[in-house]
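**Student:** What shape does this take:
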Amino acid sequence: MKQYFAEFLGTFVLVFAGTGAIVINGVSGGAVTHPGIALTFGLVVLALIYALGDVSGAHFNPAVTFGFFAARRFPGRTVLPYVLSQCAGALLASALLRVLFQNDVFLGATLPAAGTFPYQSFILEIVLTFFLMFVILSVSTGAKEKGITAGIAVGAVIGLEAMFAGPICGASMNPARSLAPALVSGHLENLWIYLLAPLLGAGLAVPCCIGVREGGCCTTGEKCA
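**Tutor:** Sure thing, here's the model as predicted:
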């Protein structure tokens, strides 16, 4: 049960800090700035990996959980409890932000930028999540983060991707992070992009990891059950 609570707590902190930065940026007239928002997402993930990585593996993202499962590093019986824990934590964070900022319309919901086409965001989210999952698979051992630099690498990738792609697609890479503010704010338009694309991107990262690292990337560790 501890790993489920860790995923709940970690996803709550991630969504509260990340989408909270978006909300506060709007309320404060841009005081946080776009680079500040990107940095917030990267830093909170970095901190959470070090705080909770040894408990749950620090997924905080259904796409990452799916990626580890596809890579045969995570037992199938644990996928659903992880995803439910992540979504519950994200929903609580968005609900708290709704209480704190009742006049905010979107609560940090992920939406394609005005004037862009949905397919652009869909493809971007696939590529962004692919790169994120590829890095995670490369710096981790089994389902849990082991390396000293894993948090830095993963946090840096999230910050980097949010920095350059956020203005177009929102750079979610995380179905729970997008689902919660969309449900709480009632803005479900184009939500399918942010639920489907990260799963596709995470799945694509697995054969590429195998291709780069031969048989050592996704044939060791905990088998799926």
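
**Student:** Just give me the residue right at the centre of the chain.
**Tutor:** residue 174 (3.4 Å; Cα atoms, centre = their mean).

**Student:** Quick check: closest non-adjacent residue to it.
**Tutor:** In this structure, residue 174 finds its nearest non-sequential neighbour in residue 61, 4.3 Å apart by Cβ to Cβ, 6 or more residues apart in numbering. C-beta coordinates here come from the backbone N, C-alpha and C atoms, glycine included.

**Student:** same check, this time on residue 91
**Tutor:** residue 180 (4.7 Å).

**Student:** Is that neighbour within a helix or a strand, and which one?
**Tutor:** helix 175-185 (DSSP states H and E).

**Student:** how about the very next helix or strand once past that helix: buried residues?
**Tutor:** Remark: after helix 175-185, the chain's next helix or strand is helix 191-213, criterion DSSP H and E. Buried positions in helix 191-213, judged by neighbour count with 16 or more other Cβ atoms under 10 Å: 191, 193-195, 197-206, 208-210.

**Student:** Spit out the contact partners of residue 60.
**Tutor:** 7, 10, 11, 14, 45, 48, 86, 89, 174, 176 (Cβ atoms under 8 Å, 6 or more residues apart in numbering).

**Student:** so is it in a helix, a strand, or just coil?
**Tutor:** The local conformation at residue 60, judged by DSSP: H, G, I helix; E, B strand; the rest coil, is coil.

**Student:** And residue 108, by the same measure?
**Tutor:** coil.

**Student:** next one: residue 6
**Tutor:** Put simply, residue 6 is helix when judged by three-state DSSP.

**Student:** ranges for the helices of the chain?
**Tutor:** Counting by DSSP state H, one finds helices in the chain at the ranges 2-27, 34-56, 62-70, 79-100, 118-139, 150-169, 175-185, 191-213.

**Student:** List the buried residues in stretch 32-49.
**Tutor:** Per 16+ other Cβ under 10 Å, stretch 32-49 contains these buried residues: 32, 37-49.

**Student:** No further queries at this time; thank you.
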